[in-house]
Every structure is written in C-alpha cells, then in structure tokens.
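# What follows is a predicted structure for the sequence shown.
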Amino acid sequence: MATASGIQSASIRVTNPATGALLADLPMASAADVQAAILRARAAQPAWSAIGPKSRARILRKFSEILNGQRDEVAALITSEAGKPQVEALLTEMIPALDAAQFCATHAVSFLHPERIRHANPIMKTKKGYLLREPHGVVGIISPWNYPFSIPTTEMLAAIAMGNTVVLKPSELTPLCALRLQTILRQAGVPESVVEVVIGDGSAGAALLSCDKPVDKVVFTGSVRTGRQVAQAAAAKLIPAVLELGGKDPMIVLEDADVEVAASAAVWGAFVNAGQTCLSVERCYVHRGLLPQFLAACTDKAGKLRVGDGSRTDIEVGPMIHERQLALVEKHVQEAVARGAKVLVGGKRLSEMGPNFYAPTVITNVHHSMALMREETFGPVLPIMGFDSEDEAVQLANDSEFGLAASIWTRDRARGEALARRIQAGTVMVNDCITGFAICEAPHGGIKSSGIGRTHGRMGLEEMVRVKYVDSDLLPRMNKIWWYGYSQAFSEQMRGFVDFLFAGRWDTRLKGGLKPAAALHRKNI
C-alpha cells in the first residue's frame, strides 16, 4: 500500500467501510514472501495429489460441514470487511461456497477417472486410447473485494479437488475473509501448505507470475486494465490463465413482461451489494410501451430501500467499499446529467451516514455516448433507456466491449430463450438476473473484454487440470504398415486405403479396400 509520501508501507490496514473502524493491521508480503509461499505449496503438492480424489472429497465434505456451522460468524466477518448486509453475505457468499464444496466433492472422483477415447478409423481399432486429467501443480488465485469469500472459495475448492495446491492473493481491502477461509480448510483437514495466503497489494499479485519459480496457472478476477497486465505477464512465461474481468450487463424488458416483477428484479439486480457485483444490472432497456410504468415502479421501489450499516438486520443497501469507488460512480452520474440524463431518485452521496454511502439511483434519458452506459460503473445506479423493437434491443445490448451476462424479461419463455441466442454474453438469464453465478453446475465467465476461460461446473474443473492422452497398442508385436519401407507399390496401396476410408462412392471404397491388403505382408525397415 502506498503512503501519502509515495513510500510503500509494510502493512495493510483493513477497515470497516461503513464505520471506518480499524479491523486489522496485517504485514504485507514481499516478493520473497510470495516466492516462499509458492515453493511451500509446490513441495506439498505431490503428497496432496497422491491421497486421491476420494480422500480429498471427504475433506471437502468436512469443510462444508464446518463452514455451515460457522456461517453466521463468517457472514458477520464479510459484512464488517466488505460492507454488504449480513443476509446478502449469507445468500450470495455462504450458499455459493457451500454449493461449490458439495459439487466438487460429488464430482471429483468421476471427473478424474480415465476417459476412454473411441477410435472411428478402422486402422486405429487396434489401439486403446484414453484421457488422463492431472493437476497443474500450484494454482495462483487473485481474488477481488466485492465477493471476498465466495469467489476465492469456489475457485480454490475446484483447484484442490483436482489435486493442485493454491497460493491465494486476496484484495488488500478484504484479506480477513481469505484468512478465515484458510483456517476453515485447515480445520477440515487440508494440510498446511496446500493452501497458502499472501497478503499484499498489486505487487504481491504480480509476484505470483514474475518470480523465478512462478505458479503453474493463474485465476484472476478484477478489472480489465489489471487483467490485461496479468495476461501479458502469464503469456511471457506461457502460464495458462483464467480471467474474469467484469461487465456492463444489460437487462432487456420486452413489451409482454410483468412490469412489477421486472422492476423488482431491476432494483435488486442494480443495487445488491451496493451495485458492486460483476453481474449487476448496469444497463436496462425497456420497451417504450412499458417505459412510463416501469420507471415509476423502479423509482418507487428504489426510494423505499433502507441504506446503512450492513450489520443491522433491517438494512438493504450497505456502503460502497471505498471513497474512490464512490467517486467513480459520482463522476458517471454527474457526467450523464450534464449531457441531459434525468435522475428520478438518488443521485447523491449520503455523507451523513459516512464517507462511503451513495443513494440508490434511478436515472433515465441516457444514451450510449455516456460513460454511464459504456464503462463499468460498479455502484448503486440503474440507468434505464427505451427501445422500440426487439432488434433494437439486441443491438443496444450487444453494443458494448463487455460480454459477461445479460437478462431478458418476458411472459413468453420460448421467446426469451430464442432471444438469448442473439445476445453476446457468457451467460444469459431469462426472467432472472445475477443468480446464474450461484448455480454450481453452470460455468461462469464472459467474452470480449469480460475475460477468457470459465470457473464453476465441469468447465471450471477442466480449467484446473492438464489433459494427457494415453495411446496403448493392442498388437505390440506387429509392425505397423505405415513404417519405413516405402515403394511405388506401397504408394498405390495407400491410395487405395484412402479411397476405402473416405471415397464418396461405395464401389470406389470397395475397390480401394482390396489394394492395401498386400501391404500387411511387406517387410519394414
């Protein structure tokens, strides 16, 4: 962390974003500390892999049992460190983490079982082929502050279930959640160096890739700017990377949608976790036939939300994580208003509550030349824009550098699913928003500037393994006809063999199949 003088401090100060109270003062890892953590994790990996997926699954089930028993305490920690209401910590952090533990424990054994590869080519029928899925080794995870428990947990459980060890670098704003995750994993029976946590700023994350002996794979969740830096550093050493880089998720409300239901969804989708969610509703497009009613419903609902310290059970919207994030939200709103946008509710700081509170804001008369409609705002703002036709709605939704998720609202589910095929996003939800992240079987990730690769589900498990193909010949004492000993006759025989396999006419295939038989009797070199 940089001080006012520009000198790097030796510690990370963790504060409650609602109250400003100091929660912890933690020593910051140096590059040498990060390298040491990687080396410890690498030394622990062979033994962890050797215990097998059944033993690891038992440990993950124990982890789930312990976490469930401590869920209220962990949720309270999340609230104090990240600011979100405690019920949101339970619903959006605990449930995905517990679900991921169950998914990984259930599927680890079958997923790692050798997969038989059937050979269609007749000449390859004498071979047995199968795939092995093996751990990368040490997986580096760089996780964000907005979901400081569920994001690293889902990624880490997939990694260790597959036999990897992990070095986790959490956000410097929310490291206590990562340390608590490490503690619970150790309570469940995960050996000490299988999961290493390094506390620090961006330099600690960079060290995962820049040190002499870096991690074997990196999983990063964060901004596009930092994600590009991670991708470049990983590419320089040919280290595979998974990048989830946020979004500008559109919501399309068709003319046959239920206005009240869609408005409630838009308000929750825009303001949950104070809008600091990668899958937040950041752009809302409403058919003009519904626009007046929809604006009125959203304005009414947003105006009723209770804002305050998330530790109170009646609070629905907590603080933003930091004043600099609030300043970005404020900048987007002010710039939009200066260009003709109209704030229907909110649009201001709530300074009387503290430095990090911003009122839930509904804003209209917006257009795509505004930063509010193009850049990731990541705050409690719901911009609403009208459209006239389905084609226009699709064009507006796809007019973005991002492609993480989207939602479509209609009474006609088949229509919604058909429209989903036209939306450029990694996830499209019909009559729901955000909650695709919490479905443990569903892959999570985006396209375009929203990143590469996937977490969650079988695709998330695939990211945590290297695939090895094993080919075993069933006739080991027989020379292969394609070995050396080439001749004019052999060339003609092989031409016939190609016809036998691939010619369009059956008589040509039959004629070709008679030629290669003699090749079986020739002498190889």
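Perfect, I can see it now.
# which residues of the stretch 1-150 of the chain score low on pLDDT?
For the stretch 1-150 of the chain, the stretches with pLDDT under 70 are 1-9.
# In it, mark out all the helices, start to finish.
Remark: helices assigned in the stretch 1-150 of the chain by DSSP state H, counting those that start in this stretch are 31-50, 52-69, 71-82, 86-89, 95-112, 150-161.
# gap between the last one and the chain center?
Centroid displacement of helix 150-161 relative to its chain, using Cα atoms, centre = their mean, to the nearest Å, is 11 Å.
# Now do the strands in the stretch 151-300 of the chain.
Listed in chain order, the strands of the stretch 151-300 of the chain (DSSP state E, counting those that start in this stretch) span 165-169, 195-197, 217-221, 241-244, 250-253, 283-287.
# Return the most buried member of the ones you listed.
Across the strands of the stretch 151-300 of the chain, the average number of neighbours (mean count of other Cβ atoms under 10 Å) peaks for strand 165-169, which reaches a mean of 29. C-beta coordinates here come from the backbone N, C-alpha and C atoms, glycine included.
# Okay, angle between that one and helix 150-161 too, please.
160 degrees (axes from the mean of the first three to the mean of the last three Cα atoms, to 10 degrees).
# what packs against strand 165-169?
Packing partners of strand 165-169 (3 or more Cβ pairs under 8 Å, 6 or more residues apart in numbering; DSSP states H and E): helix 31-50, strand 138-142, helix 150-161, helix 175-188, strand 195-197, helix 202-210.
# Turn these into TSV, columns for distance to E492.
Below are those laid out as TSV (distance: least, Cβ to Cβ, whole Å):
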stretch	distance to E492
helix 31-50	51
strand 138-142	53
helix 150-161	54
helix 175-188	65
strand 195-197	62
helix 202-210	55
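# Out of those, flag the one nearest F111.
Shortest distance between F111 and the helices and strands packed on strand 165-169, using Cβ to Cβ, is found for helix 150-161: 8.4 Å.
# what's that closest one in contact with?
For helix 150-161, contacts defined as Cβ atoms under 8 Å, 6 or more residues apart in numbering pick out 48, 53, 56-57, 60, 63, 92-94, 96-97, 100-101, 104-105, 108, 139, 141, 143-144, 165-166, 168, 170, 177-178, 181, 185, 190, 194-195, 219, 221, 440, 455-456, 460-461, 463-464.
# pLDDT weak spots in the protein?
Looking at the chain by pLDDT under 70, you get 1-9, 518, 520-521.
# Pull out the buried positions in stretch 472-490.
I481, F490 (16 or more other Cβ atoms under 10 Å).
# Can I get that stretch in CSV? Just the C-alpha atoms.
Only the C-alpha atoms of stretch 472-490 are listed here, as CSV (Å, rounded to 0.1, in the frame of the first residue of the first chain):
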residue,chain,number,x,y,z
SER,A,472,-1.8,-48.2,-26.0
ASP,A,473,-1.4,-50.5,-29.0
LEU,A,474,-3.2,-53.9,-28.7
LEU,A,475,-0.9,-55.7,-31.1
PRO,A,476,2.5,-54.8,-29.8
ARG,A,477,4.4,-57.5,-31.7
MET,A,478,3.1,-56.4,-35.2
ASN,A,479,5.0,-54.0,-37.4
LYS,A,480,2.9,-51.0,-38.5
ILE,A,481,2.2,-50.8,-42.2
TRP,A,482,3.0,-47.1,-42.2
TRP,A,483,6.6,-47.6,-41.0
TYR,A,484,9.5,-47.3,-43.4
GLY,A,485,9.9,-49.4,-46.4
TYR,A,486,8.3,-47.1,-48.9
SER,A,487,7.9,-48.0,-52.6
GLN,A,488,5.8,-47.4,-55.7
ALA,A,489,3.7,-50.4,-54.8
PHE,A,490,3.2,-49.2,-51.3
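# re the thing from before, for G205, find the nearest of the strands of the stretch 151-300 of the chain.
By Cβ to Cβ (comparing all of the strands of the stretch 151-300 of the chain), the closest turns out to be strand 165-169, at 4.6 Å.
# quick one: that closest one to strand 138-142, angle?
Interaxial angle, strand 165-169 versus strand 138-142 (the same axes, to 10 degrees): 20 degrees.
# and the angle for strand 165-169 with helix 31-50?
Using the same axes, to 10 degrees, strand 165-169 lies at 150 degrees relative to helix 31-50.
# which neighbours does strand 165-169 have in its sheet, and in what orientation?
The strands beside strand 165-169 in its sheet (DSSP bridges) come out as strand 138-142 (parallel), strand 195-197 (parallel).
# export that strand as CSV, just CAs?
The C-alpha coordinates for strand 165-169 follow below in CSV (Å, rounded to 0.1, in the frame of the first residue of the first chain):
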residue,chain,number,x,y,z
THR,A,165,-2.2,-26.7,-4.3
VAL,A,166,-3.1,-23.0,-4.1
VAL,A,167,-1.5,-19.6,-3.4
LEU,A,168,-4.3,-17.1,-2.8
LYS,A,169,-3.7,-13.3,-3.1
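# which ones are touching K128?
By Cβ under 8 Å, 6+ apart, the contact list for K128 reads R116, D471, S472, D473, L474.
# Show me how far stretch 112-124 is from its chain's centre.
32 Å.
# related to what we said a few turns ago, out of the helices and strands packed on strand 165-169, which comes closest to P380?
Closest among the helices and strands packed on strand 165-169, once you apply Cβ to Cβ, is helix 150-161, at 20.0 Å.
# so which of the helices of the stretch 1-150 of the chain is the most packed in?
Counting by mean count of other Cβ under 10 Å, helix 150-161 has the highest mean neighbour count of the helices of the stretch 1-150 of the chain, with a mean of 28.
# Now do that helix against helix 71-82, angle only.
120 degrees.
# angle of helix 150-161 against helix 175-188?
Using the same axes, to 10 degrees, helix 150-161 lies at 30 degrees relative to helix 175-188.
# Next, format the contacts of K128 as CSV and append secondary structure and distance to G513.
Shown next, in CSV, are these (DSSP: H, G, I helix; E, B strand; the rest coil; distance: Cβ to Cβ, whole Å):
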residue, secondary structure, distance to G513
R116, strand, 27
D471, strand, 25
S472, strand, 26
D473, strand, 22
L474, coil, 21
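# Closest one of those to V34?
D471 (39.4 Å).
# what residues are up against the spatially closest residue to the closest one that is not a sequence neighbour?
Leaving aside its chain neighbours, D471 sits nearest to G129 (5.0 Å; criterion: Cβ to Cβ, 6 or more residues apart in numbering). By Cβ under 8 Å, 6+ apart, G129 lies in contact with R116, I117, R118, H119, Y469, V470, D471, S472.
# Pull out the buried members of these.
Among these, none counts as buried (16+ other Cβ under 10 Å).
# which one among these gets closest to S80?
Nearest member of the contacts of G129 to S80, counting by Cβ to Cβ, is Y469, at 49.2 Å.
# would JSON lines of the strands paired with strand 165-169 with distance to A336 be doable?
Below are the strands paired with strand 165-169 laid out as JSON lines (distance: least, Cβ to Cβ, whole Å):
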{"stretch": "strand 138-142", "distance to A336": "32"}
{"stretch": "strand 195-197", "distance to A336": "40"}
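# With respect to R505, which of these lies nearest?
strand 138-142 (52.9 Å).
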